[in-house]
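Asks: 3D, please:
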Amino acid sequence: MQRLVKWLLYMAVTALVLLVGYAYIGPYFGADFAPQQEEIRVPVTLTDE
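Replies: Numbering: from 1, shown residues only. Below you'll find the model as predicted:
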């Protein structure tokens, strides 16, 4: 059981390191993480009460 927990811990740490590495290195390989930007204009009516 202890070997299984140790193996899962190693896999989780490896996955975390790979995920962080992909986040930093991904844009150099064409992965674009930026959201699509567009301007949205909504009219607002202010009233005095």
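Asks: dump the residue contacts of Gly30.
Replies: Residues near Gly30 by C-beta atoms under 8 Å, 6 or more residues apart in numbering: none. Every C-beta, even on glycine, is put in place using the N, C-alpha and C of the backbone.
Asks: how near is it to Gln36?
Replies: 16 Å (C-beta to C-beta, to the nearest Å).
Asks: those helices in the chain, which residues are they?
Replies: Secondary structure of the chain (DSSP state H): helices at 2-25.
Asks: distance between stretch 13-30 and the chain's centre?
Replies: 10 Å (C-alpha atoms, centre = their mean, to the nearest Å).
Asks: and Ala31, what does it touch?
Replies: Ala31 makes contact with Tyr22, according to C-beta under 8 Å, 6+ apart.
Asks: quick one: pLDDT of it?
Replies: Note for Ala31: predicted pLDDT of 85.
Asks: Also Pro27?
Replies: 86.
Asks: Excluding sequence neighbours, find me the nearest residue to it.
Replies: What sits nearest to Pro27 in space, not counting adjacent residues and going by C-beta to C-beta, 6 or more residues apart in numbering, is Phe33, at 7.0 Å.
Asks: For the one you found, grab phi and psi.
Replies: As for Phe33, its main-chain torsions (degrees, to the nearest 10) stand at phi -100, psi 0.
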